[in-house]
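In: the following comprises the amino acid sequence and a computationally predicted model.
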Amino acid sequence: MPLCMICFEMLFNKCMKSSKLERYLSNKHPEDVGKSLNFFEIKKRTFSMAKSKMEKSSTQNKQNSLVSYQLSLLIAKKESACTVGEKLTIPEAKIISNALFDGKCTKKTNEIPLSNTTAKRKIDVMLESLKETVMIVLKQSEYFSLQHDECTDIDGQANLLTFGRFEFNGNIEEEILFCQPLPTKTTGEEIFKCIDNFLKLK
């Protein structure tokens, strides 16, 4: 869609006739009426350069975000503290950059978001996505079964750990569905309510 190089307003195709463009310029930008073609060409070049810079920045941000997710996933798989990213992983990457690439990648390394809160947030996002995917596959499976295990944590709180077993691509898969605290009385009724509430919410 056509765009005004002065105010960046979107224009309709029907406005591209010479007479309508002249009227638009007179009404919207009277101070620029009569200026040379060179003025408008400079405006166009400036806009193109800014657009190119923004697209490059957007691509870099996407790459940084992808790397952040990949490193956060490694942290989660190793069951490490989320602080390991900013305290160990990034400093290690800087050492490698300085030693092997003359520090050329150090600036880009600094741009990777991997603070404690960022790593935790990305792990939580991936966890929720995984939960949703597992529940979709489980519900689409022709048959599935649930296995429950009641366990007590170090604070003496009773928890219900539930596994789901289902068919996926010709294989039997098993995944943890949830782990939720139970009331003081761990009766069959309370366990059923806990499972029922989870399945209704998902």
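Out: Yes, it's here. It should be emphasised that the depicted structure is a prediction, and the values quoted were computed from it without experimental measurement.

In: rest of the way, CA atoms for contacts and neighbours
Out: OK.

In: neighbours of the closest residue to residue 164 other than its chain neighbours, how many?
Out: Computed as CA to CA, 6 or more residues apart in numbering, the closest residue to residue 164 that is not its neighbour in sequence is residue 146, at 4.7 Å. Residue 146: 14 surrounding residues under other CA atoms under 10 Å.

In: show me the contacts for residue 146.
Out: By CA atoms under 8 Å, 6 or more residues apart in numbering, the contact list for residue 146 reads 162, 163, 164, 165.

In: and what about it, helix, strand or coil?
Out: At residue 146 the chain is in strand, as set by DSSP: H, G, I helix; E, B strand; the rest coil.

In: do you know how far it is from residue 15?
Out: Taking CA to CA, to the nearest Å as the measure, residue 146 falls 64 Å from residue 15.

In: any weak-confidence spans in the protein?
Out: The chain contains residues with pLDDT under 70 at 1, 53-54, 57, 184-185, 202.

In: after the longest helix along it, next one along is what?
Out: Ordering each helix of the chain by length in residues (DSSP state H) puts helix 37-77 first. Later in the chain than helix 37-77, the nearest helix or strand by DSSP states H and E is helix 84.

In: now find how far off-centre that next one is within its chain.
Out: Here the centre of helix 84 is set off from its chain's centre by 20 Å, with CA atoms, centre = their mean, to the nearest Å.

In: now stretch 120-130
Out: Put simply, stretch 120-130 sits 9 Å off its chain's centre (CA atoms, centre = their mean).

In: in contact with the residue located most distally from the centre of the chain, which residues?
Out: What lies farthest from the middle of the chain is residue 34; by CA atoms, centre = their mean that is 48.5 Å. Residues counted as contacts of residue 34 (CA under 8 Å, 6+ apart): none.

In: that's a helix at it, yeah?
Out: No - counting by three-state DSSP, residue 34 is not found in a helix; it is coil.

In: that one and residue 186, how far apart?
Out: Relative to residue 186, and taking CA to CA, residue 34 is found at 84 Å.

In: same question, residue 37
Out: 81 Å.

In: more neighbours, these two?
Out: Per other CA under 10 Å, whichever of residue 37 and residue 186 has more neighbours is residue 186, with 14 against 8.
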